[in-house]
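[1] Test case, fold it:
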Amino acid sequence: MKPFITTFLSLRRRPAPVRYAGAALLVCLAFGVRIALDDVLDGYPVVHFFPALVLGTLWFGVGPGLVAVVLSTTLALPFFAPADDGIPWTQQLATLPDRLAALPPKGWAGPALFVVISLVVVSIIAALHDALDTLAAGEQQQAMLLREIYHRIRNDLQSVSSLLMVAESRAGAKEAGELAKAGERVRVLGLVYSSLQRLQREPFVPARAFLGQLVENLAAAHVAGRPITFTVEVEDLKLPQRAAVTLGLAANELLTNALKYAFPAGRPGTVAVRLGTEGQRWVLRVEDDGVGLPPPAANGESPATTAGPAEDSGTNGNHHPRPARTGLGHLLLEQLARQCGGQLGQVSDGGVKAWMAVPATPEITAL
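    Coordinates of the predicted model:
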């Protein structure tokens, strides 16, 4: 629909001589078709002019459309008062005024009806033009407002991130770690809104570029000289904005956990990030080949877990439930999964394989 509208709007912005000439050319082409198909269209004096009228008004505007009506009516008059067969065109044109004068009043009903119908068509298309102009103006205003909103949100997020960095530099070791993680979450939101600002009116975020940029930012912040490599495999998905926020925050938490716990003492390793469609779900997977999860608690109690069944994880091996934690990151992951009706889990099999699955629908309600 948008290319259709854009084409008409762009043609109507051409210089006036070009538009009027274009409408006249369409009418002349229709007249040529009528002459070429005289035997086929005998008895239909004006039907061939209507496509030219409609296209001329649509493409070039109301003024050229009215000119097309006048020109079409003029060129159609010989067909309302036809001459005898075999008479040359020059003689037919010379006798046209006499033939028109000889028409009875009833004979003028056809030309009059053609003019009325043509003017109605032009009026309808004029209303369509007004609607298109209103739509275009509304879209421009919406784009401007969205740019302003995204700009303000990004500025606010940058301010929050700066305040967290200042607080981190003044806090103790434990508090500084939590503040650093909070800053990472704010930067993830900033990345989402940067993508939205680039897309302007588009309601979807390209998953491949979005997660690739997220991994690149985390690697630059946390890897710095460590022998850790990343692999990113993301389907060419278009995520709704809310789903992008949900999966972006989840990827940030899972990647941060992997970088923090999987490779102690300079241990080399690989972290794989995958996002794809599985059935009716988008599934985010963050997998590492690090030290894995610790065994269950020695007191026999079952630590809390949000892991789903083995078949959901897509892996085989020893299942270690996530140790009970009250950290903000773990609570955030649980809340994200709960709000969007998704699932969250992890298994340990030569490393940790964590995943989050959310419904593959635009109606994500998280955040």
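[2] how about the strands of the protein, start to end?
    204-206, 228-234, 238-240, 269-278, 281-288, 343-348, 352-359 (DSSP state E).
[3] weakest of those in terms of mean pLDDT?
    Least confident of those, judged by mean pLDDT, is strand 204-206 with a mean of 82.
[4] Partner strands of it, with direction?
    When pairs are called by DSSP bridges, strand 204-206 turns out to pair with strand 238-240 (antiparallel).
[5] Roughly how far does the closest residue to V358 other than its chain neighbours sit from V232?
    For V358, ignoring the flanking residues on the chain, the nearest one in space by C-beta to C-beta, 6 or more residues apart in numbering is G342 at 3.9 Å. Using the backbone N, CA and C atoms, a C-beta is placed for each residue, glycine as well. As judged by C-beta to C-beta, to the nearest Å, G342 and V232 stand 21 Å apart.
[6] wait, what's in contact with A221?
    Contact criterion C-beta atoms under 8 Å, 6 or more residues apart in numbering gives E184 as the residues in contact with A221.
[7] where does it land on pLDDT?
    We note a pLDDT of 73 for A221 in this prediction.
[8] From A109, how far out is it?
    Counting by C-beta to C-beta - A221 and A109 are separated by 82 Å.
[9] same check, this time on S348
    Using C-beta to C-beta, which is the criterion applied here, S348 is 89 Å from A109.
[10] And these two? Which one has more around it.
    Comparing S348 with A109 by other C-beta atoms under 10 Å, the one with more neighbours is S348, at 21 against 12.
[11] what pairs with the more buried one across the strands?
    Beta-bridge partners of S348, as defined by DSSP bridges: V352.
[12] ok, and the closest non-adjacent residue to A176?
    Counting by C-beta to C-beta, 6+ apart, E168 is the residue found nearest to A176 once chain neighbours are left out, at 4.8 Å.
[13] and the chain, what are its domains?
    The chain breaks down into these domains under automatic domain parsing: 1-202, 229-367.
[14] Tell me which of these sits most buried.
    Relative to the other members of the domains of the chain, domain 229-367 carries the highest mean neighbour count by mean count of other C-beta atoms under 10 Å, namely a mean of 17.
[15] could you show me where the helices are in the stretch 51-200 of the chain, in order?
    62-80, 89-101, 109-170, 173-199 (DSSP state H, counting those that start in this stretch).
[16] what about Q141, distance to P82?
    From Q141 to P82 the distance is 55 Å (C-beta to C-beta).
[17] do R34 as well
    Going from R34 to P82 by C-beta to C-beta gives 12 Å.
[18] Same check on W282?
    As judged by C-beta to C-beta, W282 and P82 stand 69 Å apart.
[19] Same check on P206?
    When distances are taken as C-beta to C-beta, P206 and P82 turn out to be 63 Å apart.
[20] now swap in I153 and tell me
    I153 sits 71 Å away from P82 when distances are taken as C-beta to C-beta.
[21] what do you get for G225?
    Separation of G225 from P82 (C-beta to C-beta): 92 Å.
[22] Wait, the residue nearest to V358 touches L284, no?
    No. Counting by C-beta atoms under 8 Å, G342 does not reach L284; the two are 9.5 Å apart.
[23] weakest of the domains of the chain in terms of mean pLDDT?
    The minimum mean pLDDT among the domains of the chain belongs to domain 229-367 (a mean of 75).
[24] about what we covered before: which neighbours do G342 and L284 have in common?
    A shared contact of G342 and L284, defined by C-beta under 8 Å, 6+ apart, is any residue touching both; here these are 356-358.
[25] and the gap between A102 and F80?
    With distances defined as C-beta to C-beta, the gap from A102 to F80 amounts to 12 Å.
[26] now do M356
    Separation of M356 from F80 (C-beta to C-beta) stands at 74 Å.
[27] go on, V352?
    Plainly put, V352 is 86 Å away from F80 if you go by C-beta to C-beta.
[28] what do you get for L128?
    Summarising the geometry, the distance separating L128 from F80, computed by C-beta to C-beta, is 30 Å.
[29] Verify the stated contact: R19 with L25.
    No. Checked against C-beta under 8 Å, the pair R19 and L25 is beyond contact range at 10.7 Å.
[30] what about the helices in the stretch 201-350 of the chain?
    Applying DSSP H, counting those that start in this stretch to the stretch 201-350 of the chain gives helices spanning 207-222, 241-261, 310-313, 328-339.
[31] Would you mind putting these into a markdown table with distance to G63 alongside?
    Shown next, in a markdown table, are the helices of the stretch 201-350 of the chain (distance: least, C-beta to C-beta, whole Å):
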| stretch | distance to G63 |
| --- | --- |
| helix 207-222 | 46 |
| helix 241-261 | 43 |
| helix 310-313 | 65 |
| helix 328-339 | 56 |
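[32] between the helices of the stretch 51-200 of the chain, which gets nearest to H48?
    Shortest distance between H48 and the helices of the stretch 51-200 of the chain, using C-beta to C-beta, is found for helix 62-80: 9.0 Å.
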